[in-house]
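Asker: Build me a model from this:
(one chain, ligands or ions: 1)
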Amino acid sequence: MYKIPLFDLNFGEDEVQAVVNTIRSNWISTGPKCEEFENLFASMLNVKYAITVTNCTCALHLACVVLGIKEGDEVICPSLTFAASVNCIRYINATPVFCDIKSYEHINMDADEIEKLITPKTKAIIVVHMAGFPADMDSIVAVAKKHNLHVIEDACHGPLSEYEGKKLGTIGDVGCFSFFSNKNISTG
Ligand SMILES: Cc1ncc(COP(=O)(O)O)c(C=O)c1O
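Answerer: Below is the predicted model of the structure:
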């Protein structure tokens with residue numbers, strides 16, 4: 001029988017107390033704790049705004065919506081990624097265009113390869129910092145600017161990691177993070 005691997009989450013008394021306090025406060029959905037978390041996370045990332053939503057899948061979907069990507073548009077995304085960073089493109093009936101990774105040593109998309117995939121229908125690039133390994137954002141943002149494209153960063157694997165002194169997820173137009181139980185920072 002397949003067994004789901006368990007992660008050592010190292011929860012201690014502080015976390016138990018935080019859950020108890022939250023339940024006692026009656027705010028078990030969006031409330032003061034979420035706001036506290038948003039403000040703290042925004043300040044840690046050195047950005048003006050951070051908004052909590054259900055999960056990163058939802059954040060990626062909303063990023064596509066707010067950037068005005070529509071049915072028929074093309075969005076370039078990596079072929080090596082988790083399904084959510086591609087599904088979000090399909091949720092709005094746009095078309096994912098897969099870009100291969102650079103090499104076994106550099107497991108993210110290459111800006112030159114991205115540029116070859118751009119057509120008049122391309123509206124955005126979804127960059128995934130795979131396994132916390134930063135994508136080459138300077139070249140990718142340069143290609144995006146040249147072709148007037150949006151950049152969505154999926155920084156699920158690298159919260160608070162940096163590229164050239166900037167936190168991952170703060171370099172493109174929108175950055176999306178996950179706090180699922182198997183991520184670097186987990187929460188409920
Ligand atoms: C790269 C990447 N993007 C998005 C997601 C989706 O995150 P969530 O489970 O918070 O929806 C994951 C989850 O594993 C992921 O690894």
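Asker: Past the worst-scoring helix or strand of the chain on mean pLDDT, which element shows up next along the chain?
Answerer: The weakest-scoring helix or strand in the chain, judged by mean pLDDT, DSSP states H and E, is helix 13-25 (a mean of 92). Following helix 13-25 in sequence order, the next helix or strand is helix 32-45 (DSSP states H and E).
Asker: ok now that next one, how far from the chain's centre?
Answerer: Put simply, helix 32-45 sits 17 Å off its chain's centre (CA atoms, centre = their mean, to the nearest Å).
Asker: which residues are contacting it?
Answerer: Identification of contacts with helix 32-45 by CB atoms under 8 Å, 6 or more residues apart in numbering yields 22, 25, 27, 48-52, 160, 167, 169-170, 175, 177, 187. From N, CA and C alone the C-beta is placed, and that goes for glycine too.
Asker: now with 10 Å?
Answerer: 18, 21-22, 25, 27, 30, 47-53, 155, 159-160, 166-170, 175, 177, 179, 185, 187 (CB atoms under 10 Å, 6 or more residues apart in numbering).
Asker: List only buried entries from these.
Answerer: With neighbours counted by 16 or more other CB atoms under 10 Å, those contain buried members at 50, 52, 155, 159, 167-170, 175, 177, 179.
Asker: C58 and the ligand, how far apart?
Answerer: Counting by CB to the nearest ligand atom, to the nearest Å, the gap from C58 to the ligand is 7 Å.
Asker: if I've got this straight, that residue is in a helix?
Answerer: Yes - assigned with DSSP: H, G, I helix; E, B strand; the rest coil, C58 falls within a helix.
Asker: Pretty sure it sits against C88.
Answerer: Yes - the criterion here is CB atoms under 10 Å, and C58 meets it with C88 at 8.9 Å.
Asker: If you count surrounding residues, which of those two has more?
Answerer: C88 (28 against 15; other CB atoms under 10 Å).
Asker: how close does the residue most central in space within the chain get to D112?
Answerer: Centre of the chain computed as the mean C-alpha position; nearest residue by CA atoms, centre = their mean is D154, 2.4 Å away. To D112, D154 is 21 Å away according to CB to CB, to the nearest Å.
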